[in-house]
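Colleague: Sequence first, predicted model second:
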Amino acid sequence: MKCPFCSHLEDRVIDSRASGTGDVIRRRRECEGCGKRFTTYERVEYVVATVVKKDGRREPFDRNKLVESMRIALSKRPIPADRVDAIADEIERELVDVDQREVASASIGERLMARLRDLDEVAYVRFASVYRSFRDIDEFAAELSKLGIQPPEKRSAS
């Protein structure tokens, strides 16, 4: 492991701990060159299907895109970062379990929306408004009504 401070290639592991779910290992390391300590995380890299986008393009699954989408939707919401990572892990495992060579991006979006709906309604509506490309306020209101939320009455122009 290359030291992030001095780029020395030799270090020693001081402490190793598994995460609560056991799929991530946290390691505290000490550089043998400069003596500074740093933390690394080891995660199993799953072989996930290729993602087929709406326009037909194909690209490898990118867990970071999933996490970033959630972080944007959950901006300023009281949801801890480890919950975001746990949801990304769940969706990634589901995609591995599907055991298909290709998966539609719409399938990933629907899985994420279902998780957000249960986690935080505001984040769900934020994500859905971009993901579903609402064209007008009526489509937005229809989505709110699915959640059991009554949108405010339309104001008349005075």
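Modeller: Arrived safely.
Colleague: domain parsing for this structure?
Modeller: Residue ranges for the domains of the chain, per automatic domain parsing: 11-43, 50-146.
Colleague: winner for burial among those domains?
Modeller: domain 50-146 (a mean of 15; mean count of other Cβ atoms under 10 Å). C-beta: built from backbone N, CA, C; applies to glycine.
Colleague: Dump the domains of the chain to CSV, plus mean pLDDT and distance to Phe5.
Modeller: Shown next, in CSV, are the domains of the chain (pLDDT from 0 to 100; distance: least, Cβ to Cβ, whole Å):
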stretch, mean pLDDT, distance to Phe5
domain 11-43, 91, 5
domain 50-146, 89, 24
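Colleague: Met1 is nearest to which of those domains?
Modeller: Nearest of the domains of the chain to Met1, taken as Cβ to Cβ: domain 11-43 at 5.4 Å.
Colleague: okay, how far is it across that closest one, tip to tip?
Modeller: End-to-end distance for domain 11-43: 19 Å, by Cα to Cα, to the nearest Å.
Colleague: related to what we said a few turns ago, for Pro4, find the nearest of the domains of the chain.
Modeller: Closest of the domains of the chain to Pro4 is domain 11-43, at 5.6 Å (criterion: Cβ to Cβ).
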